[in-house]
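Engineer: no sequence on this one, just coordinates:
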């Protein structure tokens, strides 16, 4: 699974570094040894942290890949919307110290490695959680020792009042997620605003299309009334506009709309699919408004309109 690639890479790198630490006996090289131990510790922490089933971590993607029920997938989608906030709350409530660190301590113990000297602290929550994992022991307040392969190894004295590497890492993760959460919220509001704007534009276009169709319907009624009064269709578009008395009715309500075109020379007995009035430009999502001789009105593509006009003109000739 692609989602498991990240944690697996962290574990693999930790194993390689642990093997190098043992083979090269890096515990005799304080500076280089501490650097390698910190790299191992960080990789284990990242692997365990990434396996949490909380979006957007890799563990949640692994869980999602196993979902088959549509209801479960929809429920996961609703849960994923608040993943960042849940993750921040998890860290804020001490989940890192209470859950992540004991698991890290257990895995670290299996590698038979001492802790880096910079992470040792005789008192404090972090040290207590690491002790629960069984990877650190200390004796006295003035001298700290680690047990490595059954031997007591002295380490450098730490600053009792200073922060530890684990605390720094926790703070970095927390504030990094907090910043990511803020950006996610801003992006969500931005996407919501964009969707709202698109919906408003779509509603406006739909309203214009409906108004255009209403114009076609009113024109059709005017033609029927003209036919009853004059026993035939109007001879020209000017006659039709003059009879209707409202020139705005013969133009698309779109700001860039054009005037409709009336095809004269037709009579009631002709094919009902003949085009009687049409919109020469595609103003409605690439389509043109059209009124047929049979009284139907709707939208057609420019290609369909061109073919319909050609058939209409053929019947007139």
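Structural biologist: Arrived safely, thanks for sending. Bear in mind that the values here come from a model prediction, so they are computed numbers and not experimental data.
Engineer: could you verify that residue 289 is part of a helix?
Structural biologist: No: in this structure, residue 289 is strand, not part of a helix, as judged by DSSP: H, G, I helix; E, B strand; the rest coil.
Engineer: secondary structure element for residue 40?
Structural biologist: Assessed by DSSP states H and E, residue 40 sits inside helix 30-50.
Engineer: flag every buried residue along the helix or strand immediately after that helix in the chain.
Structural biologist: The first helix or strand that comes after helix 30-50 along the chain, using DSSP H and E, is helix 58-65. By neighbour count on 16 or more other C-beta atoms under 10 Å, the buried set for helix 58-65 is 58-62, 64. From N, CA and C alone the C-beta is placed, and that goes for glycine too.
Engineer: same thing with stretch 26-39?
Structural biologist: By 16+ other C-beta under 10 Å, the buried positions in stretch 26-39 come out as 26-27, 33-34, 36-39.
Engineer: tabulate those residues (a markdown table), appending pLDDT and distance to residue 254.
Structural biologist: Formatted as a markdown table, the buried residues of stretch 26-39 follow (pLDDT from 0 to 100; distance: C-beta to C-beta, whole Å):
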| residue | pLDDT | distance to residue 254 |
| --- | --- | --- |
| 26 | 83 | 76 |
| 27 | 77 | 79 |
| 33 | 82 | 75 |
| 34 | 82 | 72 |
| 36 | 86 | 70 |
| 37 | 86 | 71 |
| 38 | 84 | 66 |
| 39 | 85 | 64 |
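Engineer: sketch out the low-pLDDT regions of the stretch 51-200 of the chain for me.
Structural biologist: In the predicted model, the stretch 51-200 of the chain carries pLDDT under 70 at residues 116-200.
Engineer: can you tell me how far residue 306 sits from residue 295?
Structural biologist: 22 Å (C-beta to C-beta, to the nearest Å).
Engineer: correction: residue 289
Structural biologist: Distance, residue 289 to residue 295, using C-beta to C-beta: 14 Å.
Engineer: so for the two, which sits in the more crowded spot?
Structural biologist: The residue with more neighbours, out of residue 289 and residue 295, is residue 289; 24 against 13, by other C-beta atoms under 10 Å.
Engineer: excluding sequence neighbours, find me the nearest residue to the more buried one.
Structural biologist: Closest residue to residue 289 apart from its sequence neighbours, by C-beta to C-beta, 6 or more residues apart in numbering: residue 279 at 4.3 Å.
Engineer: who's in contact with that neighbour?
Structural biologist: Neighbour list for residue 279: 212, 252, 257-258, 260-261, 288-290 [criterion: C-beta atoms under 8 Å, 6 or more residues apart in numbering].
Engineer: ranges for the helices of the stretch 1-150 of the chain?
Structural biologist: With helices called from DSSP state H, counting those that start in this stretch, the stretch 1-150 of the chain shows them at 5-23, 30-50, 58-65, 70-80, 83-92, 95, 101-110, 125-133.
Engineer: which residue, other than its chain neighbours, is closest to residue 225?
Structural biologist: Nearest residue to residue 225, sequence neighbours excluded (C-beta to C-beta, 6+ apart): residue 243, at 7.7 Å.
Engineer: the one you found is in contact with residue 227, isn't it?
Structural biologist: No: checked against C-beta atoms under 8 Å, the pair residue 243 and residue 227 is beyond contact range at 10.5 Å.
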